[in-house]
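> I'd like to go over a predicted model; first the sequence, then the structure.
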There are 2 protein chains.
Amino acid sequence: MDLQNKQVAIIGLGLLGASLGMALKNAPVRRLGWARRAETRQWCIEHDAVDFTDDDVKAILARADLTILCLPIPAITEFIICHAQDFKPGSIVTDIGSDKGCITKVGENILHPLGVHFIGSHPMAGTEKNGCEAAFAELYDNAEIFVTESSSSDPEALDTVESFWHLLKIASVRRISPEIHDNLVAHTSHISHLLALALTLAVLDCDNAEEEALRYSGCATGFRDTSRIASSSPVMWREIIENNQSAVVDAARKCGYIYQKIVDSIAQGDFDRFESLFARGKELRDRWIDYKTANRK
Amino acid sequence: MDLQNKQVAIIGLGLLGASLGMALKNAPVRRLGWARRAETRQWCIEHDAVDFTDDDVKAILARADLTILCLPIPAITEFIICHAQDFKPGSIVTDIGSDKGCITKVGENILHPLGVHFIGSHPMAGTEKNGCEAAFAELYDNAEIFVTESSSSDPEALDTVESFWHLLKIASVRRISPEIHDNLVAHTSHISHLLALALTLAVLDCDNAEEEALRYSGCATGFRDTSRIASSSPVMWREIIENNQSAVVDAARKCGYIYQKIVDSIAQGDFDRFESLFARGKELRDRWIDYKTANRK
């Protein structure tokens, strides 16, 4: 499907949905938008995040050639189930959820028999904030996007969803199976949140006000960045982790062993070992940063 | 001591030393600077990080009313021992090292009998980079500074070192005993580095090129920030951790237990527990961010 002048519906206008609308401002598509709360729809019209909205989501879905579900993970599958009959036949539905196994299964099983194509997407973009007020047009800049490819994916729909993401200033789109995706994000995204949370609780959960005052002073930019994503939404992260339980537990345990190895090297006074672990980590991270810098647009 | 028109010597012109010189540009003091390498001294003169330098460090120390040792931790104590006789009698010596127990002991024991005052300092400022080329005038902006107070601290010297730091746009200066300081930074700074390192090794140390390519794509801003300080200098961090071994091991083990508790809640499918831990972490971190924002200058 050529997206030129097509109608693209963004369902859910939080941080990811409203930012997506803003990023599409100069793209050759008509941006339809819908959110449950009237105030959110109003805000997005006023801030030019979407071109058109309607109280009734059915009126939006009936027009849309491509629908992007920018909702929390359980709401994505719920929405697909409740509104299966409302999508335009022949249209394409995708999403932005960080879980792909369950969402892709529900999307394909429910929508494909109705002649609506489902392709899962997961843009590697976000901040620790949420809500449309936190949205900004650059959120997707240089992001890498995963789109799910399975035996029941329609090749043309897959191409269209890829083309859609290329309307933004993203780094690249990569096709991936839902299972490999979910194992991947357990490593690249989910365990970071567990570590940031553990750090925050270890440092800021204090026994008394005097200790807290000292800790507040003693925490600087290193702590700020390492703990940043601990300020994310607890409800959202519960949903993400709950939907990826076994992959997260495996990745988190592996990371726990490595942490233990590092602490052991210090406890044993084996600082040569500690330094060589640190040097390996620095080498790996510096190489990744070089890759990200080279792939910036 | 009134610092007006006094000579202040910065010994060591790496990230912290050169940035300190830059930040003092408009302060009413004369900035003397010295580094081992001639190219570094030259760079700092050319980039207006210091007003004056000399090949011979003795010529610098003989003039300085206040000397700030901006060297790696072992080099700070070595420098004090080697150059004890070269500091101007009646002058004050401080440092920027993140260890305060050992440095303060050496500084006081060696210099006080010679009529030179030693007060330890630790500005909570830095980045993962090093070297004068990474220096910038704003590095100390909004930083909190710790200065050591012990039974042998000279009250006037303590006041002078405090006044010195207030020449910068810092948030505050706090007096602290060397022992309490070292336990504090184990929590607020050192364990962040161990977690960032564990995360980097868990995510980027891959079994094959295909896995690495996927991981490179899958890592986004969350990973970038949580792992940032794993790109710090391995040699510097070996020195820091080695000088604070027991406090670091205690804090790191405590953090390890908390991490284990979080992972257990997921493994047991107790997502109510997981969500409440996450909510507590978010509450604590958001409160700290509010504090930092309110104390910004």
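Everything's here; your move. Residues are numbered from 1 along each chain as shown, chains lettered A, B, ... in the order given.
> so for the helix or strand where A:T67 lies, what's the average pLDDT?
For A:T67, the element it lies in under DSSP states H and E is strand A:66-69. Mean per-residue pLDDT for strand A:66-69: 98.
> that one pairs with which strands?
Strand A:66-69 has its sheet partners listed here by DSSP bridges as strand A:7-11 (parallel), strand A:92-95 (parallel).
> and the longest one, which residues are buried?
What it means is strand A:7-11. Neighbour-count burial for strand A:7-11, with 16 or more other C-beta atoms under 10 Å in any protein chain shown as criterion, is recorded at A:7-11. Where you see a C-beta, it was placed from the backbone N, CA and C, and this is true even at glycine.
> so which of the strands paired with strand A:66-69 comes closest to A:P113?
strand A:92-95 (13.4 Å; C-beta to C-beta).
> next one: whichever helix or strand comes after that closest one to chain centre, how far?
Following strand A:92-95 in sequence order, the next helix or strand is helix A:101-111 (DSSP H and E). Relative to its parent chain, helix A:101-111 has a centroid offset of 18 Å by C-alpha atoms, centre = their mean, to the nearest Å.
> roughly how far does A:E212 sit from A:V203?
In this view, A:E212 and A:V203 are 10 Å apart by C-beta to C-beta, to the nearest Å.
> ok, now A:S189?
Distance of A:S189 to A:V203, given as C-beta to C-beta: 22 Å.
> tell me which residues touch A:L13, please.
If a contact means C-beta atoms under 8 Å, 6 or more residues apart in numbering or on different chains, then A:L13 has A:21, A:33-35, A:40-41, A:43-44, A:49-50, A:70, A:132 as its contacts.
> which pair of these spans the longest distance?
Every pair of the contacts of A:L13 checked by C-beta to C-beta; the farthest is A:W43 and A:C70, at 14.7 Å.
> could you dump the contacts of A:L13 to CSV with distance to A:I92, secondary structure and neighbour count?
Listed next are these as CSV, based on distance: C-beta to C-beta, whole Å; DSSP: H, G, I helix; E, B strand; the rest coil; neighbours: other C-beta atoms under 10 Å in any protein chain shown:
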residue, distance to A:I92, secondary structure, neighbour count
A:G21, 18, helix, 26
A:G33, 17, strand, 27
A:W34, 17, strand, 26
A:A35, 21, coil, 24
A:T40, 24, helix, 22
A:R41, 23, helix, 20
A:W43, 27, helix, 18
A:C44, 22, helix, 25
A:A49, 21, coil, 27
A:V50, 18, coil, 27
A:C70, 15, coil, 26
A:C132, 24, helix, 25
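> got the residues of the stretch 51-200 of chain A near chain B?
Taking C-beta under 8 Å from any C-beta of the partner chain as the criterion, the stretch 51-200 of chain A approaches chain B at residues A:124-127, A:143-144, A:146, A:172, A:174, A:176, A:180, A:184-185, A:187-189, A:191-200.
> hmm, try it at 7 Å
Within the stretch 51-200 of chain A, the positions lying close to chain B (C-beta under 7 Å from any C-beta of the partner chain) are A:124-125, A:143-144, A:172, A:174, A:184-185, A:187-189, A:191-192, A:194-200.
> list buried residues within these.
Among these, those classed as buried by neighbour count (16+ other C-beta under 10 Å) are A:124-125, A:143-144, A:174, A:184-185, A:187-189, A:191-192, A:194-200.
> of the residues of the stretch 51-200 of chain A next to chain B, which belong to strands?
A:144, A:172, A:174 (DSSP state E).
> in the stretch 151-297 of chain A, which spans are helices?
Counting by DSSP state H, counting those that start in this stretch, the stretch 151-297 of chain A has helices at residues A:155-165, A:178-185, A:191-204, A:209-218, A:221-227, A:234-242, A:245-267, A:271-294.
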